[in-house]
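Asker: need coordinates for the below:
(one chain, ligands or ions: 2)
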Amino acid sequence: MAAWEGGDEGGGCKVCIASPSVVKGEGTGEGKERDSGGANPCAKQNMEERGSPDGDPARNLEQGPEGPETPIQVVLRVRPMSAAELRRGEQSVLHCSGTRTLQVSPPGGGPDVAFRFGAVLDGARTQEDVFRACGVRRLGDLALRGFSCTVFAFGQTGSGKTYTLTGPPPQGEGVPVPPSLAGITQRTFAWLLDRVQHLGAPVTLHASYLEIYNEQVRDLLSLGAPRPLPVRWNKTRGFYVEHLRVVEFGSLGALMELLQMGLSRRRSSAHTMNQASSRSHALLTIYISHQTQMPPVDPGEPPAGGKLCFVDLAGSEKVAATGSRGELVIEANSINRSLLALGHCISLLLDPQRKQNHIPFRDSKLTKLLADSLGGRGVTLMVACVSPSAQCLPETLSTLRYASRAQRITTRPQAPKSPVAKPPQHLETELLQLQEENHRLRSQLGQMDPRASGLIGARVSWAQRNLYGMLQEFMLENERLRKEKSQLQSSRDLAQDEQRILAQQVHELERRLLSACYLHQPGPGPAPPCPCVMVPPPPCHALPPLCPCPCCHLCPLCQAPLAHWACPRRELHLPQLLASWQPLFWALRIHGPDMVPALMEFLVSREDITRATHCPQKK
Ligand code: ADP
Ligand code: MG
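Answerer: Ligands and ions are numbered 1, 2, ... in the order given. As a prediction, this is how the structure comes out:
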């Protein structure tokens, strides 16, 4: 990755730091004050690099496009005067004023005309400056979130479109572009793959590369010789190219190879204005699909998810100016026709009544394939390229007007409604929480019921194929485990209650038995104290009394009557009780242990009577 990071002059988007100013001028984007943080992609980038709250990559991922109606972002790149132009003594008529305004000074001394864009990058800007300032990283983030994003370069032939997107033409077969001259495309590839790795998002990446040459679509990645492919339309996919080869790649190196392959197969020719003039429009698309997404139904269909498309348009050209002959004239006419169709669509899209209007996207293959980027659900960045030479002024003015108008076109970006629309990070957190709960429940259940520990297993492998399936699976399983756990808990509680009641009954019986044995002890002496006073209270009866006279209380758990020792006024009861028991003591002395059952019955009835007598509440 480091190979692509050279050439950064300070690491910030300096061109957009200036505060917004009002510029009067031609075109439609001028004369208006624009919010630097809203529609301006570079301002966003600046905030990101200055470490503002927006600098948090996770938060940036949360940010959507500017709103339901998102304008096409337009940045302008002015190439430097070429050696040939300087040799011919041509003058530069373009001057950057500030970071977002371009002044055009017509050679005859006419009034200056100003144009305003998201960013204006003059000939001194490096390839890295352009990459950082143009806002393509924002598009990359949106593509990762499932949006369909397009970067397209347009302008006159020889104005630097191909250079801006992919660098200078290769110096030989298989010779890659030097890293410092690599264009937006290669830098975005490196950035995107780095981003994917950094986010740890399980994504699958695919690429396709096609050109539209003389109104025919040709696959630049086809295994055999490129043959014309049909452009079709359906409701879900919109316009698409049938049988286009979509190649999966896993590394930056592999992607660069695909790019090289396409670049070397793309049609280009030499004419007076450009030694390596592209004779076709080229569309290189990266498809980003999250592994949880459903695979496409049709095997030829690219995977669902976000995409980032780089469009290098062939330049408009005046056949007379380029000195084209024969095949070059046919190519030029075809290029101009499709660019005219594009211009026509842009004009109609600017119409406020456009919802009622028919946009003739079907007029050319180019407009068909750009329909989504221009007026549909995509997010679009336009890099307008111009030459500073006075000789090119009419074409330059036309490009500038075109670009100014394009700034007013809005799209309605929409991420697919499939599961990927949900941020993967959020899903993963949810999944982790459910997994944790699942483990906890399983171990709790395992402690209570050993049979439960051998649950599930086979279905998890199925669920792993699909994150949503897995979530659902865990939720159902957790629900079932929760129910099972609560059933086991309630039966355990019932058993414990029963055990407690039995223990209390045993205690009570022991207490009474002890009391009876005590009374049965032979020998003269003073009347013994009530055995209840001596016997330690059974644990159940240690509960607090419910009324001021506890001798009539029932134990709230076992419902057994509480003994007299529990009464705070038991000293008052005792003589009275002992006096009433006197005949019994004598009976025990005379009859011995045979008297015990009768004595116990007596004690119970005695307690009932005492309760009836002493309890103020029952009176
Ligand atoms: P286009 O694609 O618009 O027809 P190219 O990108 O092929 O134009 O550029 C035409 C020529 O100008 C090429 O030789 C290219 O290397 C050169 N060129 C374009 N832009 C720049 C630039 N910013 N810096 C240096 N050379 C440039
Ligand atoms: Mg080109």
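Asker: any idea of the mean pLDDT in the longest helix seen in the chain?
Answerer: Determined from DSSP state H, the single longest helix within the chain is helix 467-520. Per-residue pLDDT over helix 467-520 has a mean of 77.
Asker: ligand 1 contacts on the chain?
Answerer: Applying CB under 6 Å from any ligand atom, we find that the chain lies next to ligand 1 at 79-80, 82, 155, 157-163, 168, 274, 276-278, 315, 385. To be clear about C-beta, it is placed using only N, CA and C from the backbone, and glycine gets the same treatment.
Asker: just for the stretch 351-500 of the chain, where's the confidence low?
Answerer: Flagging of the stretch 351-500 of the chain using pLDDT under 70 yields the residue ranges 352-356, 416-428, 445-473.
Asker: same question, the chain
Answerer: 1-67, 201, 269-276, 291-303, 316-326, 328, 352-356, 416-428, 445-473, 517-619.
Asker: which parts of it sit against ligand 2?
Answerer: The chain comes close to ligand 2 at residues K161, T162, S278, as judged by CB under 5 Å from the ion.
Asker: need those residues in JSON lines (columns: distance to I72 and secondary structure).
Answerer: What follows is these, written out as JSON lines (distance: CB to CB, whole Å; DSSP: H, G, I helix; E, B strand; the rest coil):
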{"residue": "K161", "distance to I72": "17", "secondary structure": "helix"}
{"residue": "T162", "distance to I72": "21", "secondary structure": "helix"}
{"residue": "S278", "distance to I72": "22", "secondary structure": "strand"}
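Asker: and of these, the nearest to S105?
Answerer: Nearest to S105 out of the residues of the chain next to ligand 2 is K161 (CB to CB; 23.7 Å).
Asker: run through the bridge partners of the residue lying closest to that closest one once chain neighbours are set aside.
Answerer: Spatial nearest neighbour of K161, excluding adjacent residues (CB to CB, 6 or more residues apart in numbering): A153 at 3.9 Å. The partner list for A153 in beta bridges (DSSP bridges) reads D312, V383.
Asker: quick one: A153 and G315 touch, right?
Answerer: No: using CB atoms under 8 Å, A153 makes no contact with G315, being 9.5 Å away.
Asker: okay, and the common contacts of these two?
Answerer: K161 (CB atoms under 8 Å, 6 or more residues apart in numbering).
Asker: buried ones in stretch 72-80?
Answerer: The neighbour-count check on stretch 72-80 (16 or more other CB atoms under 10 Å) flags I72, Q73, V74, V75, L76, R77, V78, R79 as buried.
Asker: and the residue of this structure closest to ligand 1?
Answerer: G160 (2.8 Å; CB to the nearest ligand atom).
Asker: ok, now how distant is the residue lying closest to that residue once chain neighbours are set aside from V506?
Answerer: Spatial nearest neighbour of G160, excluding adjacent residues (CB to CB, 6+ apart): R79 at 3.7 Å. With distances taken as CB to CB, to the nearest Å, R79 is found 101 Å from V506.
Asker: show residues contacting stretch 244-263.
Answerer: 1, 166, 170, 174, 176, 185-186, 189-190, 193, 204-211, 217, 219-223, 229, 282, 284, 286-287, 300, 302-303.
Asker: filter those residues down to the buried ones.
Answerer: 166, 185-186, 189-190, 193, 204-211, 217, 219-222, 229, 282, 284, 286-287, 302-303.
Asker: in strands only, show me the residues you listed.
Answerer: Under the assignment DSSP state E, those contribute 204-211, 217, 219, 229, 282, 284, 286-287 to strands.
Asker: of those, closest to ligand 2?
Answerer: Checking these against ligand 2 by CB to the ion gives A282 as the nearest, at 8.5 Å.
Asker: got the contact list for the closest one?
Answerer: Contacts of A282 (CB under 8 Å, 6+ apart): Y209, L210, E211, L220, G262, R266, V311, D312.
Asker: try it again with 6 Å
Answerer: E211, R266, D312 (CB atoms under 6 Å, 6 or more residues apart in numbering).
Asker: G155 too?
Answerer: Contacts of G155 (CB under 6 Å, 6+ apart): K161, A384, C385, V386, T399.
Asker: likewise for S280?
Answerer: Neighbours of S280 in contact, by CB under 6 Å, 6+ apart: E211, I212, Y213, R267, A314.
Asker: next, give me the two most distant ones among these.
Answerer: Largest pairwise distance in the contacts of S280, by CB to CB, is 10.2 Å, between I212 and R267.
Asker: of these two, who's got more company?
Answerer: Taking other CB atoms under 10 Å, I212 and R267 do not tie; I212 has more neighbours (25 against 17).
Asker: report the beta-bridge partners for V217.
Answerer: Counting by DSSP bridges, the residues bridging with V217 are I212, L229.
Asker: dig out what the residue in the stretch 251-400 of the chain that ligand 2 sits nearest to forms beta bridges with.
Answerer: Closest to ligand 2 within the stretch 251-400 of the chain is S278: 3.3 Å, counting by CB to the ion. Going by DSSP bridges, S278 is paired in beta bridges with S268.
Asker: is it true that it touches L313?
Answerer: No: using CB atoms under 6 Å, S278 is not in contact with L313, being 8.2 Å away.
Asker: show the backbone phi and psi for G108.
Answerer: In terms of degrees, to the nearest 10, the main-chain angles of G108 are phi -70, psi 0.
Asker: could you measure from it over to V93?
Answerer: For G108, the distance to V93 - CB to CB - is 10 Å.
Asker: please identify which of those two sits among more neighbours.
Answerer: The residue with more neighbours, out of G108 and V93, is V93; 20 against 6, by other CB under 10 Å.
Asker: number of nearby residues for the nearest residue to that one once chain neighbours are set aside?
Answerer: Once flanking residues are discounted, V93 sits nearest to A390: 4.7 Å by CB to CB, 6+ apart. A390 has 17 neighbouring residues, counting by other CB under 10 Å.
Asker: which residues does A390 contact?
Answerer: A390 neighbours (CB under 6 Å, 6+ apart): E90, Q91, V93, P107.
Asker: how about the CA coordinates for stretch 429-437, as PDB?
Answerer: What follows is stretch 429-437, C-alpha atoms only, in PDB (Å, rounded to 0.1, in the frame of the first residue of the first chain):
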ATOM      1  CA  THR A 429     -22.300  -7.100  17.800                       C
ATOM      2  CA  GLU A 430     -25.800  -8.500  17.900                       C
ATOM      3  CA  LEU A 431     -24.600 -11.900  16.800                       C
ATOM      4  CA  LEU A 432     -21.900 -11.900  19.500                       C
ATOM      5  CA  GLN A 433     -24.400 -11.000  22.200                       C
ATOM      6  CA  LEU A 434     -26.700 -13.800  21.200                       C
ATOM      7  CA  GLN A 435     -23.800 -16.200  21.000                       C
ATOM      8  CA  GLU A 436     -22.700 -15.200  24.500                       C
ATOM      9  CA  GLU A 437     -26.200 -15.600  25.900                       C
END
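Asker: mind listing what's buried along that stretch?
Answerer: L431, L434, E437.
Asker: can you check stretch 488-498 too?
Answerer: So, applying 16+ other CB under 10 Å, buried residues of stretch 488-498: L488.
Asker: check stretch 500-519 too.
Answerer: Applying 16+ other CB under 10 Å to stretch 500-519 flags I501, Q504, H507, E508, R511, R512, S515, A516, L519 as buried.
Asker: would you mind measuring from the third one to L514?
Answerer: Read that as H507. As judged by CB to CB, H507 and L514 stand 10 Å apart.
Asker: picking that back up, so which of the residues of the chain next to ligand 1 are in helices?
Answerer: Per DSSP H, the residues of the chain next to ligand 1 map to helices at K161, T162, Y163.
Asker: distance to R482 and neighbour count for the residues you listed - can I get that in TSV?
Answerer: Converted to TSV, these look like this (distance: CB to CB, whole Å; neighbours: other CB atoms under 10 Å):
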residue	distance to R482	neighbour count
K161	61	26
T162	62	26
Y163	63	22
